[in-house]
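Q: Below are the sequence and a predicted model; questions follow.
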Amino acid sequence: MSKSPEKKLVTLKSSDKEEFVVEESIAVTSETIKNIIEDCGLELIPLPNVDGKTLAKVIEYCTKHSTGSNDDSKFDDECLDTKQLSVLVDMLLAANYLNIKSLFEKVCTKIADRIKDMSVEEVREVFKIENDFTPEEEKKIRDEHAWAHE
């Protein structure tokens, strides 16, 4: 009997030093990781911009999508279902850094659905955007674009 070929593994190291051993075929769902493997041949890949909790979710998403299952939409809804918008923002930043287009697009849609009814101030708070307008500038903008603030 012939042995089945061993699956090549890589280790992903999060910003908080948590390590995840993942099949290379799953890890290369990320264009960033794929380029690191191709260019550097590393088997231990540091990911300084992604914490362990977020990386675990990203790996879960990539694992599910590597199987080519047609039932991904239900899984995506469950995977991205969170009450905390900050978790989705972390996922968005991770998907962008890791260059996982499908995850990026799905998280963008989830975030857009969540913030569409928020005030400008609430959105600034969620994304940690400093208001650098003077009160006069802000009033002028609100007056010029009153339709956007209804």
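A: Good, I have the coordinates.
Q: if I pick the residue nearest to residue 118 when sequence neighbours are not counted, what's in contact with it?
A: Closest residue to residue 118 apart from its sequence neighbours, by Cβ to Cβ, 6 or more residues apart in numbering: residue 126 at 7.3 Å. In short, each C-beta sits where N, CA and C put it, glycine included. Neighbouring residues of residue 126 by Cβ atoms under 8 Å, 6 or more residues apart in numbering: 85-86, 89, 115, 118.
Q: State whether residue 126 is indeed within a strand.
A: No: judged by DSSP: H, G, I helix; E, B strand; the rest coil, residue 126 forms no part of a strand; its state is helix.
Q: going forward can the numbers begin at 23, since that is how I track them
A: Done: numbering now begins at 23, and the last item shifts to residue 148.
Q: Residue 142 versus that one, what's the distance?
A: From residue 148 across to residue 142, the span is 11 Å (Cβ to Cβ, to the nearest Å).
Q: Low-confidence bits of the protein, can you list those?
A: The model of the chain has pLDDT under 70 over residues 23-27, 89-99, 101, 171-172.
Q: show me where it has helices.
A: Secondary structure of the chain (DSSP state H): helices at 46-49, 53-62, 74-88, 94-101, 107-120, 123-137, 142-149, 157-166.
Q: Can you tell me which of those is nearest to residue 32?
A: For the helices of the chain, proximity to residue 32 was assessed by Cβ to Cβ; helix 46-49 is nearest, at 5.0 Å.
Q: What residues does residue 68 make contact with?
A: With Cβ under 8 Å, 6+ apart, residue 68 has these contacts: residue 35.
Q: and it, what are its bridge partners?
A: Note on residue 68: beta-bridge partners residue 35, judged by DSSP bridges.
Q: Would you mind measuring from the residue nearest to residue 140 to residue 136?
A: Between residue 148 and residue 136 the computed distance is 9 Å (Cβ to Cβ).
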